[in-house]
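Sharing a sequence plus its predicted fold:
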Amino acid sequence: MNTEAAPILELRDVSFAAQGKPIVQDVSCVFPENRTTALVGPSGGGKSTVLKLAAGLIVPTRGKALYRGYEIATMNRLRNLEFRKNASFVFQDSALWANQTLRQILELPLKIHNPRMKDGERARKITEVLATTGYRKDIDVRPSQLSMGEQKLIAFSRAILCDPKLLFLDEWTESLDDAAARRLVNLVKARKERGDTIVFVSHSYRIIKELADTILMVEDGRIKLNVTAQEFAADENLARTIEKGIAQ
Ligand SMILES: Nc1ncnc2c1ncn2[C@@H]1O[C@H](COP(=O)(O)OP(=O)(O)OP(=O)(O)O)[C@@H](O)[C@H]1O
C-alpha cells in the first residue's frame, strides 16, 4: 500500500449489511490523494458497495468512512458541501433522471454548485463538456431515447461538469464502443495526470493496467489484495491472480 500521500479518503473497519445480509465486511483501506485506485474482483464481490461507501453515498452499518479525517456520515454541513462540490460519481447504470431532459440533467449540478452562473455561461459550459466527451446529439430529449452507451457519455459529462477533484467511477466505459471508451479512458488519464484523486471499478484488465496506481481486489465483501501498480507489474503471479479474479 502506498502511504506517502495523504489519505483524502479512508474506510476504517467498515462493514455494510442490507436486509440482514452482510455485503461488505471489516474493510480498512486508504485512497491516497492525487492517486488512482482500481477496485477489481469477481461479479457480486462488493466492489460497487465499497465505492459507494467511500463516496459517502451509503452509510456503513459498522465502522467509518472518512473524508480528510472527518466521518462523512456526521460531518458538518459546510464540510459536507465542500466534499460534495469536490466529488462526482458515475453510476454503473448511469442514473439519469427519466423524467428530465438531458439539458435539465446537465444543468442541475451547475445550478447547485455555481448558483450565480449566468444561463449563457451554463449553456457554453455544457456544450464544451459534451464536445470533450464526444456526445454530439440533441440534448432536449429524455434518457429513454438514448442507447446505454450514450447514457454513459451523459453520465460522465455530468460528473466532470463542475470540475471535481475526486472522481468515483463505476464501470464508466461499459456499453461504449471502442472509440468512445478510449476517449473516456483518455479523459480520466488527463485528470489523473493533473493530480485528481480517482477511484474506479472496472472489469477491464487493460484499463486497470493503464490507469491504476493501486489495485484493491474485493471478493466476498472483503479486501483480498491491496497492491501498488509497481508490485503488480513486477510479479507475474500477482498479475495472473488479478486477471483471474476480474474474469470470474
Ligand atoms: N442494498 C442492497 N440490498 C441487497 N443486496 C445488495 C445491496 N447492495 C448490494 N447487494 C448485493 O451485494 C452483493 C455485492 O454487490 P456489489 O454491487 O457491491 O458487487 P460488485 O462486485 O460491484 O458486482 P458487479 O461486478 O456484478 O457489479 C451482490 O450480491 C448484490 O446483489
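Structure received. Numbering: from 1, shown residues only.

ranges for the helices of the protein?
Ranges of helices within the chain are 47-54, 77-86, 102-113, 119-133, 148-160, 178-193, 205-211, 229-234, 236-247, based on DSSP state H.

how far out from the middle of the chain is the shortest one?
So the one you mean is helix 229-234. Its chain's average C-alpha position is 22 Å from that of helix 229-234, according to C-alpha atoms, centre = their mean, to the nearest Å.

coming back round to it: okay, the helices of the chain, which one's buried deepest?
The densest packing among the helices of the chain, expressed as mean neighbour count by mean count of other C-beta atoms under 10 Å, is seen in helix 47-54 with a mean of 24. Every residue, glycine included, has its C-beta placed from N, CA and C.

Show me the contact partners of that one.
Helix 47-54 is contacted by residues 9, 11, 14, 16, 23-24, 27, 31, 39-41, 58, 60, 65, 89, 92, 168, 170, 199-201, 216, 218, 221, 223 when judged by C-beta atoms under 8 Å, 6 or more residues apart in numbering.

Which among those count as buried?
By neighbour count, with 16 or more other C-beta atoms under 10 Å, the contacts of helix 47-54 hold 9, 11, 14, 16, 23-24, 27, 31, 39-41, 58, 60, 65, 89, 92, 168, 170, 199-201, 216, 218, 221, 223 as buried.

And the most centrally placed residue in the chain, what's its pLDDT?
Compute the mean C-alpha point of the chain, and by C-alpha atoms, centre = their mean the closest residue is F168, 1.6 Å away. Predicted confidence (pLDDT) for F168: 98.

likewise Q248?
pLDDT, the model's per-residue confidence, is 60 for Q248.

residues from the protein in reach of the ligand?
The chain comes close to the ligand at residues 18-19, 21, 23, 41, 43-49, as judged by C-beta under 6 Å from any ligand atom.

mind putting these in a markdown table, pLDDT included?
What follows is these, written out as a markdown table (pLDDT from 0 to 100):
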| residue | pLDDT |
| --- | --- |
| A18 | 94 |
| Q19 | 91 |
| K21 | 94 |
| I23 | 97 |
| G41 | 93 |
| S43 | 92 |
| G44 | 93 |
| G45 | 94 |
| G46 | 96 |
| K47 | 96 |
| S48 | 96 |
| T49 | 97 |
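
What about those residues, which are in strands?
Residues of the residues of the chain next to the ligand located in strands (DSSP state E): 18, 21, 23.

low-scoring pLDDT stretches of the protein, where are they?
Regions of the chain meeting the criterion pLDDT under 70 cover residues 1-6, 247-248.

can you do 80?
Counting by pLDDT under 80, the ranges of the chain that qualify are 1-6, 238, 243-248.

residues contacting the residue nearest to the centre of the chain?
Neighbouring residues of F168 by C-beta under 8 Å, 6+ apart: 51, 54-55, 87-90, 198-200.

make it 7 Å
51, 54-55, 87, 89, 199 (C-beta atoms under 7 Å, 6 or more residues apart in numbering).

All set now, cheers.
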